[in-house]
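Student: Here is a sequence together with a model predicted from it:
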Amino acid sequence: MAHNQLPRQAGIRPSPRAVLHRLGTGAGRGARITHTEHLPPRLGSHADWPSPIRPEVIDAIRAAGIERPWAHQARTAAHALRGESVVVATGTASGKSLAYLAPVLSTLLDGSEEPSGRGTTALYLSPTKALAADQRRALADLTTPLGTGVRAAVYDGDTPVEEREWVRQYANYVLTNPDMLHRGILPGHPRWSSFLRALRYVVIDECHTYRGVFGSHVAQVLRRLRRVCARYGSSPVFLLASATSADPAVAAARLTGVPVTAITEDSSPRGEVVFALWEPPLTELHGEQGAPVRRTATAESADLLTDLAVQGVRTVTFVRSRRGAELIALIAQERLAEVDRSLPDRVAAYRGGYLPEERRALERALHSGDLLGLAATTALELGMDIAGLDAVVLAGYPGTRASLWQQAGRAGRTGQGALAILVARDDPLDTYLVHHPDALFRQPVESTVLDPDNPYVLAPHLCAAAAELPLTEADLGLFGPATEELLPQLEQRKLLRRRATAWHWTRRERAADLTDIRGEGGSPVQVVEAGTGRLLGTVDASAAHTTVHEGAVHLHQGRSYLVRQLDLEDSVALVEEASPPYSTTARDTTAISILETTTEIPWGDARLCFGSVEVTNQVVSFLRRKLITGEVLGETKLDLPPRTLRTRAVWWTVTEDQLEEARVHPQALGGALHAAEHASIGILPLFATCDRWDIGGVSIPLHPDTLLPTVFVYDGHPGGAGFAERAFHTAARWLTATREAIAACECEAGCPSCIQSPKCGNGNDPLDKRAAIRLLTTLLAKAPDQPPTEG
């Protein structure tokens, strides 16, 4: 590959259009760009800080180089000062942190002058420890001129025991995460009584990350926090910061349980953004059932990072896995060495698991220009301080439009023009997006999906709440409508006991340990290094069969391990370090039965349904795939027990008359349903904030419960996660996009870009691409114009 050097004078950045033009030159490369979107520059608009903001805070902000706030920052601060919960949902680098920090710092200073007590307090929650530590560092610069009026401290699992007492007694701005709030602060609330009594603000940063089951858990943790605060006489105001999302006020209200005002008009300036959609070419390789295989997004992104580094363009490449980040950096370094021996040292990998000082050194090197290229996992996505980049390459769609814009926003953060490139992976969703740019550039970002009423989520939090303070009838409304039904069940299981007018926790063990808010329940499987006995980490019980089965390649902090043994009885996976030239993907088979149909809508003779199901799933084998090419090297059978899951599903049925109309003959029916099921699972993340691994599907030519050909798509989490419900409410748009994705694919009979699934336990057989298109066309012909109303 030719690497074109673009002359670059000190301080002069090449225009994004010129950079893209050079990337597109060369044999066949222009054809890989399926669409280019030009987002014009935007001017910023300023405002004044609301008058209650103290002059010392305004002076400290000016000393940090910010003369006046953007209009959205001032509006957010005004709501906060009036005691109104508010969510600011604007673009990356729009100054969301300052929008909540100005009122918080000003109020803390006011409180510090009160003659008695510890004064006003504030709590900051972030989804990751790294982000809380970053915020603490940024705070230090801003609060140094404010003296002892602001006493900020991080309180998480890494905080030394001797520091914890000081934080509880004296800190007035505590930075932590939902896990620590759930396991540490709320169960020990008497020791936090003076802090909680004075709690004025709760800041929830990056709140769009609280989705699905994790988001539902956090919603219940926040309800527990509000309940304990009420016990001490406080009612904190919630200040939330979010990437742009649909209905941020609705999502924030579901998360916190209180009404929230949304600030969505971004008044910060932005340079021109050139956004290219890039589809890797087909290779000579053939996959399952002889399907054509595309070049991997990993290999293609490594080439782009190489070319951009040669052009002197400062670039971050985002990739989902740590292994992928290491690989892209390694390939780019090898290729750069062929061009100039000084260049390989100017590209690196950045991921979670590095020590804070290592991450800081990488950030500084990128700021200064010593580093030209970084291959990064999403550890970098959440608010990390990386500015002034020229380009961002996304190795595969990151799963949501919110994440896409969050990552693309890393380039051009200081107002200059920027280039963003989305490189499609070989799967239905990525392929659909690079050929349907309107789905990215003309659609609002997704709604954040969470379901706090999921009984599997709610039950352990009711126990935890009862352990904190006995539950009373007055609390039922706080925890939602499902509470009343659950309490007798918890009594039956001897977890709670009713005495007089309240329910009490009856056990010796800690109620907060009943659930891991980032997990699925069940004992997590411990991943242990066989030679040393060292504990590397844990894997959710529900994910163990697919991720740490015997023979699986397991990634931990950039290192790869081979699983030698999975002991399900003791919940231990024994691994040893290895670097095989392949990755592994588990395959499973699934049976499903309907427990209850909650809602049913006629689509002509067809029926669209939503309800409760029981899924029996068994991992049967795993595939080994070459790392760079994705080529299948072989399949190995596994002997694992089946598992049962009660969850929520959306399903649709068709009649014999509709099959005749669609010209789907009996011998093609299984392949048509199977293909439609695979493609619809691949496309659903466009409509619900989920990953294709969060959901599963089953298609059956004659299902025993419906007595008709039926396709199911279900949540892969106990009790559901809200994804299947979202699919039900957007079914016409979702299945239309599914049909378009299959029809637009250039393959003849089906491939990984349209109807093949990497986790299909039936070896992607049977599949019938043409019959699936005809079947979906007939199904959608009678779909109602109005989507079913959301409950």
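Tutor: Perfect, I can see it now. In this text, all values refer to a predicted model and were calculated from it rather than measured experimentally. Residues are numbered from 1 along each chain as shown.
Student: buried stuff in the host helix or strand of L142?
Tutor: Using DSSP states H and E, L142 sits in helix 129-143. Buried residues in helix 129-143, defined by neighbour count with 16 or more other CB atoms under 10 Å: K129, A130, L131, A132, A133, D134, Q135, A138, L139, L142, T143. C-beta coordinates here come from the backbone N, C-alpha and C atoms, glycine included.
Student: which of these has the weakest pLDDT?
Tutor: Across the buried residues of helix 129-143, the bottom pLDDT score, 72, is held by A130.
Student: Okay, helices next: where are they in the stretch 251-400 of the chain?
Tutor: Taking DSSP state H, counting those that start in this stretch as the criterion, the stretch 251-400 of the chain carries its helices at 297-310, 322-339, 356-368.
Student: Could you look up the SS state of L487?
Tutor: For L487, the assignment made with DSSP: H, G, I helix; E, B strand; the rest coil gives helix.
Student: That one and A502 touch, don't they?
Tutor: No - using CB atoms under 8 Å as the test, L487 is too far from A502 to be in contact (10.8 Å).
Student: Tell me where the stretch 651-791 of the chain has helices.
Tutor: Ranges of helices in the stretch 651-791 of the chain, per DSSP H, counting those that start in this stretch, are 656-661, 666-683, 723-729, 731-744, 769-781.
Student: so which of those gets nearest A543?
Tutor: For the helices of the stretch 651-791 of the chain, the distance to A543 is smallest for helix 723-729, at 16.2 Å, taking CB to CB.
Student: pLDDT on the helix or strand S216 falls within, on average?
Tutor: S216 belongs to helix 212-231 when assigned by DSSP H and E. Mean pLDDT, computed over helix 212-231, is 95.
Student: same for that helix, what does it pack against?
Tutor: Where contact means 3 or more CB pairs under 8 Å, 6 or more residues apart in numbering; DSSP states H and E, helix 212-231 is packed against helix 178-180, strand 199-204, helix 248-256, helix 455-468, helix 476-479.
Student: Residues in contact with the helix or strand just after it: which ones?
Tutor: Counting by DSSP H and E, the next helix or strand C-terminal to helix 212-231 is strand 237-242. Defining contact as CB atoms under 8 Å, 6 or more residues apart in numbering, one finds that strand 237-242 is touched by 76, 80, 83-89, 96-97, 99-100, 103-104, 200-208, 222, 248, 251-252, 255-256, 258, 260.
Student: how big is the angle separating strand 237-242 from helix 212-231?
Tutor: 160 degrees (axes from the mean of the first three to the mean of the last three CA atoms, to 10 degrees).
Student: just how off-centre is strand 237-242 within its chain?
Tutor: Put simply, strand 237-242 sits 19 Å off its chain's centre (CA atoms, centre = their mean, to the nearest Å).
Student: Also stretch 628-639?
Tutor: With CA atoms, centre = their mean, you get 27 Å for stretch 628-639.
Student: And that stretch, what's buried?
Tutor: For stretch 628-639, by 16+ other CB under 10 Å, it's T629, G630, E631, V632, L638.
Student: quick one, what contacts I742?
Tutor: Applying CB under 8 Å, 6+ apart, the residues near I742 are P428, A675, A676, A679, C754, I755, K769, A772, I773, L776.
Student: Pick the most buried one from the helices of the stretch 251-400 of the chain.
Tutor: Burial of the helices of the stretch 251-400 of the chain is given as mean neighbour count (mean count of other CB atoms under 10 Å); helix 297-310 ranks first at a mean of 25.
Student: Just the C-alpha atoms of it, please, in CSV.
Tutor: Extracted C-alpha coordinates of helix 297-310, given in CSV (Å, rounded to 0.1, in the frame of the first residue of the first chain):
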residue,chain,number,x,y,z
ALA,A,297,-12.7,-3.6,10.0
THR,A,298,-9.6,-4.3,12.1
ALA,A,299,-7.2,-4.7,9.1
GLU,A,300,-8.8,-1.8,7.2
SER,A,301,-8.7,0.6,10.2
ALA,A,302,-5.0,-0.3,10.8
ASP,A,303,-4.3,0.7,7.2
LEU,A,304,-6.1,4.0,7.7
LEU,A,305,-4.3,4.8,10.9
THR,A,306,-1.0,4.1,9.2
ASP,A,307,-1.9,6.4,6.3
LEU,A,308,-3.1,9.2,8.6
ALA,A,309,0.1,9.0,10.7
VAL,A,310,2.2,9.2,7.6
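Student: how close does A64 sit to A138?
Tutor: For A64, the distance to A138 equals 9 Å [CB to CB, to the nearest Å].
Student: can you give me phi and psi for the residue nearest the centre of the chain?
Tutor: By CA atoms, centre = their mean, the chain has its centre lying nearest to T209, at 5.5 Å. Main-chain dihedrals, T209, degrees, to the nearest 10: phi -80, psi -10.
Student: Surely it touches P127?
Tutor: Yes - when contacts are counted by CB under 8 Å, T209 is listed as touching P127 (4.7 Å).
Student: Surely A27 forms part of a helix?
Tutor: No - read with three-state DSSP, A27 is coil and lies in no helix.
Student: That one: how many residues sit nearby?
Tutor: A27: 8 surrounding residues under other CB atoms under 10 Å.
Student: Could you tell me which residues make contact with it?
Tutor: Contacts of A27 (CB under 8 Å, 6+ apart): none.
Student: any idea how far E300 is from it?
Tutor: 14 Å.
Student: do you know how far the closest residue to P444 other than its chain neighbours is from L640?
Tutor: Distances taken as CB to CB, 6 or more residues apart in numbering place A246 nearest to P444, at 4.8 Å, with adjacent residues excluded. Distance from A246 to L640, counting by CB to CB: 39 Å.
Student: what do you get for L490?
Tutor: In this view, L490 and L640 are 32 Å apart by CB to CB.
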